[in-house]
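1. Build me a model from this:
(one chain, ligands or ions: 1)
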Amino acid sequence: MQGNSGGGFFSGVIAVIVLGAVVGAIVLFTGVYNMAASIPHTAIGLWVVETGKVKSIQAHAKGITAPDFTDKLVADGAPNYGINCSMCHGPSAGTDGAPFIKGMYPEPPNMSTLAVKYSPSELFWIAKNGLKMTGMPAVGSHVSDDQLWTIVAYLEKNKKADDSAPAK
Ligand code: HEC
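-> Now for the predicted structure:
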């Protein structure tokens, strides 16, 4: 590469890419990464899955328009939430769901925080489609869009004005 610094730069970039692929393949195929639900992700593993999740939700919820959250919608949402979500996200703010949620990883967050972190369109998309490899089911497989909107309305009205959750 003498006399050709551009070529040297590109060889360096290619070397880094090859090294990254080799390290990635070693991590992937040796089984060294622990998939146990009883052990938290490494910091980098957590960053990758959390960032990917939030970006994916934001991208896919674009173009979904929420209806007006009337009192009727909110009232209908309470029992719909109870049947479809409370066993994992807790029957009401500050209380827990079923005992097994303690063994889930990620553990389902409490209902009072759900609408703090996400917009109504994003909540609807998550509830309808679920989240891969988390235990969050695609509730749209057995609950209609109209019913899902009642749940979103209920969550919006009952969110805790919580400043600990990151604002978007
Ligand atoms: C079988 C248990 C289960 C049921 C039932 C369930 N969820 Fe979840 N849900 C989860 C788990 C586990 C997560 C954690 C996913 C994560 O942190 O990446 C989750 C995550 C979520 C999130 C995103 C939270 C975040 O911080 O990223 C929302 C919003 C949500 N659920 C809404 C609902 C709604 C609404 C219902 C009912 C229509 C519902 N869930 C039913 C288990 C469940």
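2. Which of the helices or strands spans the spatially most central residue of the chain?
-> With distances taken as Cα atoms, centre = their mean, the residue of the chain nearest its centroid is residue 53 (5.0 Å). Element membership of residue 53 [criterion: DSSP states H and E] is helix 43-61.
3. how about the next helix or strand after that helix, does it reach the ligand?
-> Later in the chain than helix 43-61, the nearest helix or strand by DSSP H and E is helix 71-84. Yes - Helix 71-84 is in contact with the ligand by Cβ under 6 Å from any ligand atom, via residue 84. All C-beta atoms are positioned from the backbone trio N, CA, C, and that covers glycine.
4. So which residues on the protein come close to the ligand?
-> 53, 84-85, 87-89, 104, 106, 108-109, 114, 117-118, 123, 126-127, 131, 134-137, 139, 151.
5. Show me how to select, in ChimeraX, the buried members of these.
-> Per 16 or more other Cβ atoms under 10 Å, the buried members of these correspond to this ChimeraX selection:
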select :53,84,85,88,89,106,108,114,117,118,123,126,127,136,139,151
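6. Which ones among the residues of the chain next to the ligand lie within helices?
-> 53, 84, 87-89, 114, 117, 123, 126-127, 151 (DSSP state H).
7. Can you tell me which of the residues you listed comes closest to residue 17?
-> The shortest gap between residue 17 and any of those belongs to residue 53, at 25.5 Å (Cβ to Cβ).
8. and the residue lying closest to that closest one once chain neighbours are set aside, what are its bridge partners?
-> Nearest residue to residue 53, sequence neighbours excluded (Cβ to Cβ, 6 or more residues apart in numbering): residue 131, at 6.5 Å. With DSSP bridges as the criterion, residue 131 is bridged to residue 136.
9. and the longest helix for this structure?
-> The chain, longest helix under DSSP H: helix 5-30.
10. quick check: angle from that one to helix 43-61?
-> Following axes from the mean of the first three to the mean of the last three Cα atoms, to 10 degrees, one obtains 100 degrees for the angle between helix 5-30 and helix 43-61.
11. Might you calculate how far helix 5-30 sits from the centre of the chain?
-> 31 Å (Cα atoms, centre = their mean, to the nearest Å).
12. Report the mean confidence score over that helix.
-> For helix 5-30, mean pLDDT rounds to 92.
13. In terms of secondary structure, what does the helix or strand bottoming out on mean pLDDT in the chain contact?
-> When the helices and strands of the chain are scored by mean pLDDT, DSSP states H and E, helix 111-117 comes last with a mean of 88. Counting by 3 or more Cβ pairs under 8 Å, 6 or more residues apart in numbering; DSSP states H and E, the packing neighbours recorded for helix 111-117 are helix 86-89, helix 145-157.
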